[in-house]
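Undergrad: Need coordinates for the below:
(2 chains)
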Protein chains: 2
Amino acid sequence: MADEHFHTDHLVIIGSGLLGTSVAMGLKKRGFTGRLTALCRSTASADTARQTGAYDHATDDPAAALKDASLVVIAVPLGGFRAVFTQIAEHAPRDLVVTDVGSTKASVIDDAETCLDDLSRVIGAHPMAGSEKSGPQAGDADLFVGKPCILTLSDSDDPDAVALVRSLWQTLGMSMLTMSPAEHDEKFAVVSHLPHLAAVMLVQVAEQLGGLELASTGYRDTTRLASSNPPMRTDILLANREAVKTSLDALIQQATQMKAMLDQGDEKAILQALSQARDSRERWMDQARKDE
Amino acid sequence: MADEHFHTDHLVIIGSGLLGTSVAMGLKKRGFTGRLTALCRSTASADTARQTGAYDHATDDPAAALKDASLVVIAVPLGGFRAVFTQIAEHAPRDLVVTDVGSTKASVIDDAETCLDDLSRVIGAHPMAGSEKSGPQAGDADLFVGKPCILTLSDSDDPDAVALVRSLWQTLGMSMLTMSPAEHDEKFAVVSHLPHLAAVMLVQVAEQLGGLELASTGYRDTTRLASSNPPMRTDILLANREAVKTSLDALIQQATQMKAMLDQGDEKAILQALSQARDSRERWMDQARKDE
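TA: Sure thing, here's the model as predicted:
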């Protein structure tokens, strides 16, 4: 079935962590017949990738991996994208199609622009799938099934490249959304990066002012994202810094307003703010349940 | 067994919601032999309280309920405490012992001070138990078992009153902590009221800037507290406004620092902040698991 939807002669996955290995396993499970290569940053990580059995080949030699690649999936941390695009510029065929799994998108385009002459076959993707676990051992052929995948498109994209990338993620079971890189990044700053920072800042305030011995389930859930991988999150925040700063400004503004309402003892305004927030979240929860 | 630990001739529970009714059910289950009266704000709510079977009597007449009361548990919303203390001043015997379930404590003392001459038998308590549900129908004899209960004490407290109140909550299965009302309120501002406001403000920012259609489990968990009961939460925030404002200031300060680090692209400082927050939360989670 997969072959009807998705084929490419030589798919190279750069970065063999959880996501890269899950792409490889998912394609194998769905009958992919092209070649599948893992391009790793070291011989040790190539050995590990090889041991998963998810790839036909695993190597740390970019020239060997890329020389006849037809499609590349970049699955390295955001901080490593520029080095990957440099390897692609040096070693890959000119008609190579590129997609990625990065959770910010404008920075990926920026990195590509500094390294490549032609961006028409670089089709950014953000598959919204993950796990508490990481590394190739956590690879899961069904990690992407039923999850949304955002393609960030522009007018200059090559239609065949878009179709190929779209069919890759669809074959893995994802439902597709499309938007511009800027819209993607602004929205994720609000619903993902700011909640993560709020969790971090709540922990910082508790360390500063004390009280952790009384913390309970409310603190636990509100700060859950503070346990996320710090280097990966640092990468994301820096890659999306302008939109994150805008959302931090909005948070500071709300906190300042809340302080003023408390100062004035304005019960009616506080009750209204809390009621509106509760209603908004309940609407969202209802919608999220329907979408499941 | 309970009788060895806890006895009082006539226990009046003011406010027959989830917590008040759970106190009554918990005591009955543990063999309490004194009289148990529900004092309600209306005949309708007295009828509902009566139907739970948790009380010997239920009434909306404060004079009848309080005239020979030996111990009162105040289990009304924080905004109703002053009216309750007025009833107590008017109708109750002078040697009445009072405790409560309020989730802020300095405001309870303030309210008591404006109504009562002698506060030595008013022993504030904050039983840290609750449920998604509310109302007498949700009453649960084991709601308090294994949970912490904070007694807020002062030097002028009557030792017999402290002993009686302590044995009430211990009989219900709670583990006791003691601290001053001010310390209680400052710490809860940090680990409970600020996380609630952070959840509310994240929802407000999402409404303002958009992006909810991309929100996922991170947003869901970080904003869970925004679904809390708005009138009850408004009461708590106003009752604890000074400490809440201090914690909001600390949050604004952290957000401003984070913005500056992003502005400067200071990868090392961001990574350090995220790592420290992650480590703090993991230490707290380890401790919370041990305490279970």
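Undergrad: Can you list phi and psi of residue A:28 for me?
TA: Per-residue torsions, residue A:28: phi -60, psi -50 (degrees, to the nearest 10).
Undergrad: Look at the closest residue to residue A:195 other than its chain neighbours and say how many residues are nearby.
TA: What sits nearest to residue A:195 in space, not counting adjacent residues and going by C-beta to C-beta, 6 or more residues apart in numbering or on different chains, is residue B:222, at 4.0 Å. No exception for glycine: its C-beta is placed from N, CA and C like everyone else's. When neighbours are counted by other C-beta atoms under 10 Å in any protein chain shown, residue B:222 registers 29.
Undergrad: again with the one 10 residues further on
TA: The tally of other residues near residue B:232 (other C-beta under 10 Å) stands at 16.
Undergrad: correct me, but it touches residue B:79?
TA: No. At 9.1 Å, residue B:232 and residue B:79 do not qualify as touching, with contact defined as C-beta atoms under 8 Å.
Undergrad: before we move on, the earlier item: which residues are in contact with the residue nearest to residue A:195?
TA: Taking C-beta atoms under 8 Å, 6 or more residues apart in numbering or on different chains, we find residue B:222 in contact with A:195, A:198, A:199, A:221, A:222, A:224, A:225, B:198, B:199, B:202.
Undergrad: Just the residues you listed: which are in helices?
TA: Counting by DSSP state H, the part of these found in helices is A:195, A:198, A:199, A:221, A:222, B:198, B:199, B:202.
Undergrad: which of those residues lies closest to residue A:258?
TA: residue B:198 (10.2 Å; C-beta to C-beta).
Undergrad: If you drop the residues flanking it in sequence, what lies closest to that closest one?
TA: Nearest residue to residue B:198, sequence neighbours excluded (C-beta to C-beta, 6+ apart): residue A:198, at 4.9 Å.
Undergrad: Return the residues in contact with the one you found.
TA: A:222, A:251, B:198, B:201, B:202, B:222 are the contacts of residue A:198 under C-beta under 8 Å, 6+ apart.
Undergrad: Give me the neighbour count for the fifth one.
TA: Counted with other C-beta under 10 Å, the burial measure for residue B:202 works out to 30 neighbours.
Undergrad: repeat for the one 3 residues further on
TA: The number of residues packed around residue B:205, counting by other C-beta under 10 Å, is 26.
Undergrad: Going by neighbour count, which residues of the helix or strand that contains it are buried?
TA: For residue B:205, the host element (DSSP states H and E) is helix B:194-209. Neighbour counts over helix B:194-209 (16 or more other C-beta atoms under 10 Å in any protein chain shown) mark B:194-207, B:209 as buried.
Undergrad: now stretch A:16-30
TA: Burial within stretch A:16-30, assessed by neighbour count using 16+ other C-beta under 10 Å, is assigned to A:16-28, A:30.
Undergrad: Return the alpha-carbon coordinates of it using PDB.
TA: C-alpha atoms of stretch A:16-30 as PDB (Å, rounded to 0.1, in the frame of the first residue of the first chain):
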ATOM      1  CA  SER A  16      19.200   8.700  14.100                       C
ATOM      2  CA  GLY A  17      17.400   9.700  17.300                       C
ATOM      3  CA  LEU A  18      13.900   8.900  18.300                       C
ATOM      4  CA  LEU A  19      12.200  10.700  15.400                       C
ATOM      5  CA  GLY A  20      14.700   9.700  12.600                       C
ATOM      6  CA  THR A  21      14.600   6.000  13.600                       C
ATOM      7  CA  SER A  22      10.800   6.100  14.000                       C
ATOM      8  CA  VAL A  23      10.500   7.400  10.400                       C
ATOM      9  CA  ALA A  24      12.700   4.500   9.200                       C
ATOM     10  CA  MET A  25      10.800   1.900  11.200                       C
ATOM     11  CA  GLY A  26       7.400   3.300  10.100                       C
ATOM     12  CA  LEU A  27       8.400   3.200   6.400                       C
ATOM     13  CA  LYS A  28       9.800  -0.300   6.600                       C
ATOM     14  CA  LYS A  29       6.600  -1.500   8.400                       C
ATOM     15  CA  ARG A  30       4.500   0.100   5.600                       C
END
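Undergrad: quick one: that stretch to chain centroid distance?
TA: With C-alpha atoms, centre = their mean, to the nearest Å as the basis, stretch A:16-30 stands 15 Å off its chain's centre.
Undergrad: What is the distance between stretch A:29-46 and the centre of its chain?
TA: Centre-to-centre, stretch A:29-46 and its host chain are 20 Å apart (C-alpha atoms, centre = their mean).
Undergrad: re the thing from before, could you dump the contacts of residue B:222 into CSV with distance to residue B:86 and pLDDT added?
TA: CSV is the format used below for these (distance: C-beta to C-beta, whole Å; pLDDT from 0 to 100):
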residue, distance to residue B:86, pLDDT
A:195, 44, 98
A:198, 41, 98
A:199, 43, 98
A:221, 38, 96
A:222, 37, 97
A:224, 43, 96
A:225, 45, 96
B:198, 36, 98
B:199, 35, 98
B:202, 39, 98
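Undergrad: I'd like these laid out as CSV, including distance to residue A:100.
TA: Shown next, in CSV, are the contacts of residue B:222 (distance: C-beta to C-beta, whole Å):
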residue, distance to residue A:100
A:195, 23
A:198, 27
A:199, 26
A:221, 31
A:222, 31
A:224, 26
A:225, 23
B:198, 32
B:199, 32
B:202, 28
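Undergrad: Tell me the one of these nearest residue B:147?
TA: For these, the closest approach to residue B:147 (C-beta to C-beta) belongs to residue A:221, at 17.2 Å.
Undergrad: Might one say that that closest one is in contact with residue B:219?
TA: No. Applying C-beta under 8 Å as the test, residue A:221 and residue B:219 come out as separate, 11.8 Å apart.
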